[in-house]
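[1] No sequence on hand, only this structure:
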């Protein structure tokens, strides 16, 4: 209606040529207003929180500068990430690039949902030799590569220096043993107010599999056979049972862990107890470091970092949790999506993401650069763990959580129920094998139905 009002306003007071000029101008403005954005639009999904959203956005804006005609939209999904990504696949609208958690690799790869990025590596300037090989291996299947690596973390032990010094406990050193750990925790266990109850502890009980998984490997055991097909003979093997006994004894024999009835809220309770100087050791990954650094800067906390305690005479092993950028086969812009995934794993992006400090950059040179610049020495500790880090079972076995969910029964039945450890572990191993058998039958049924 705007061009009609212009016509009415000027036709009595202006010459024809002015009307013509106004009409042309109006037409140009109308066309410009109706013109659609012709740029290619790519959607990138991740689980970035407030500390990382702006960093990802910075990388995306740089990609746009280097690729005129492409616009990239970040879709941060901090909650129910996996479920929402799977829903987008079911709806036929997955993002063009999304961050793949290492535990989700089997589900997406086995369903042939992801683009094999290996044939495009040279074309997009991705040099696999520039990355930690064991990080890269997590999303490799034979010669195929299903994600360009972003970052990762092994597990470490954070310790409260002030508390250890107050109780005369030596700081743990690289190569410390399970015995060293037990003696340190026993020395920290204390009733500080004389009310007859222990209120200062060595550590927290490791109920969650991602925390205690490396303890089993360190003792020479495992929960599954090398091919991941069964648990009997492995979960119930003497080295694995001894590792579970060691973990259970933290509470039932030595009693240097916090009360187990509060373990339902580990994120809140455990961190607060550590911050308040009531607990000496905390097992976690690099993701906790940014939060800890804030306390250190305010001089409210004096912490150290060390690798996991090991068993004398046995090979040392750690675990590695990783994420990487992948491209769905359903994307309508495969060429640009692959270029974007590669750029999100590039040296430029690795440096930007490294600023957040949530994980270790997957590119060796950038990780080393960050470690050299770290005056606390904590980053160097993480780097020393990399060569010993092994990919977790969740990156190999699809729906590993259903197996993982059976393992807490071992702790509950032994600690709370008072059952003997050996028959409990054998029973859980048989349950896992039955679960494997049920899956095999389901696959055979699906195969027969084709």
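    Done, it's in. Please read all numbers here as calculations on a predicted model, not as lab measurements.

[2] Looking at this protein, which helix is longest?
    The helix that spans the most residues within the chain, counting by DSSP state H, is helix 421-449.

[3] Could you list the domains of this structure?
    According to automatic domain parsing, the chain comprises the domains 40-154+322-390, 156-319+395-442.

[4] Is it possible to get CSV of the ones you listed that adds mean neighbour count and mean pLDDT?
    C-beta here means a position set from N, CA and C on the backbone, and glycine is covered the same way. Listed next are the domains of the chain as CSV, based on neighbours: other C-beta atoms under 10 Å; pLDDT from 0 to 100:
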stretch, mean neighbour count, mean pLDDT
domain 40-154+322-390, 18, 96
domain 156-319+395-442, 17, 94
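
[5] mind listing what residue 403 touches?
    223, 224, 231, 393, 397, 432, 435 (C-beta atoms under 8 Å, 6 or more residues apart in numbering).

[6] Now do the helix or strand encompassing it: distance to the chain's middle.
    Per DSSP states H and E, residue 403 falls inside helix 401-404. Centroid separation between helix 401-404 and its chain, computed with C-alpha atoms, centre = their mean, to the nearest Å, is 17 Å.

[7] before we move on, back to that, could you single out the nearest of the contacts of residue 403 to residue 217?
    For the contacts of residue 403, the residue nearest residue 217 by C-beta to C-beta is residue 223; the value is 9.6 Å.

[8] looking at it, residue 219 is touching residue 247, isn't it?
    No: counting by C-beta atoms under 8 Å, residue 219 does not reach residue 247; the two are 10.2 Å apart.

[9] Could you report the separation of residue 310 from residue 220?
    Relative to residue 220, residue 310 is positioned 11 Å away (C-beta to C-beta, to the nearest Å).

[10] what residues are up against residue 132?
    149, 152, 362, 364, 367, 386.

[11] got TSV for the residues you listed, with secondary structure and distance to residue 281 too?
    Below are those laid out as TSV (DSSP: H, G, I helix; E, B strand; the rest coil; distance: C-beta to C-beta, whole Å):
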residue	secondary structure	distance to residue 281
149	strand	30
152	strand	22
362	coil	28
364	helix	29
367	helix	25
386	helix	21
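
[12] Out of the residues you listed, which comes closest to residue 243?
    residue 386 (22.6 Å).

[13] who's in contact with the closest one?
    Taking C-beta under 8 Å, 6+ apart, one finds 132, 134, 135, 154, 320, 360 in contact with residue 386.

[14] Give me the subset of those residues lying in strands.
    When DSSP state E is applied, the contacts of residue 386 are split such that 154, 320, 360 fall in strands.

[15] out of those residues, which one sits closest to residue 278?
    residue 154 (26.1 Å).

[16] Tell me the bridge partners for the closest one.
    residue 320 (DSSP bridges).

[17] ok, residue 334 - contacts?
    Applying C-beta under 8 Å, 6+ apart, we find residue 334 in contact with 115, 327.

[18] make that residue 430, sorry
    In this structure, residue 430 makes contact with 231, 232, judged by C-beta under 8 Å, 6+ apart.

[19] for the stretch 1-150 of the chain, what spans make up the strands?
    Along the stretch 1-150 of the chain, the segments classed as strands by DSSP state E, counting those that start in this stretch run 40-46, 70-76, 97-101, 140-141, 144-145, 148-154.

[20] closest one to residue 279 among those strands?
    strand 148-154 (21.0 Å).

[21] quick check: angle from the closest one to strand 97-101?
    30 degrees (axes from the mean of the first three to the mean of the last three C-alpha atoms, to 10 degrees).

[22] please renumber so the chain begins at 56
    All right, first residue 56 from here; so that's strand 203-209.

[23] I'd assumed residue 406 was in a helix, is it?
    Yes: assessed by DSSP: H, G, I helix; E, B strand; the rest coil, residue 406 belongs to a helix.

[24] quick one: what helix or strand has the closest residue to it other than its chain neighbours in it?
    Closest residue to residue 406 apart from its sequence neighbours, by C-beta to C-beta, 6 or more residues apart in numbering: residue 421 at 5.6 Å. Per DSSP H and E, residue 421 falls inside helix 419-428.

[25] Between strand 203-209 and that helix, find me the angle.
    40 degrees.

[26] quick one: contacts of helix 419-428?
    Residues external to helix 419-428 that are found in contact with it (C-beta under 8 Å, 6+ apart): 185-187, 402, 405-406, 409, 415-416, 434-435, 437-438.

[27] Redo those residues as JSON lines? Include distance to residue 356.
    Output for the contacts of helix 419-428, formatted as JSON lines (distance: C-beta to C-beta, whole Å):
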{"residue": "185", "distance to residue 356": "35"}
{"residue": "186", "distance to residue 356": "33"}
{"residue": "187", "distance to residue 356": "29"}
{"residue": "402", "distance to residue 356": "33"}
{"residue": "405", "distance to residue 356": "28"}
{"residue": "406", "distance to residue 356": "27"}
{"residue": "409", "distance to residue 356": "22"}
{"residue": "415", "distance to residue 356": "21"}
{"residue": "416", "distance to residue 356": "25"}
{"residue": "434", "distance to residue 356": "17"}
{"residue": "435", "distance to residue 356": "19"}
{"residue": "437", "distance to residue 356": "18"}
{"residue": "438", "distance to residue 356": "22"}
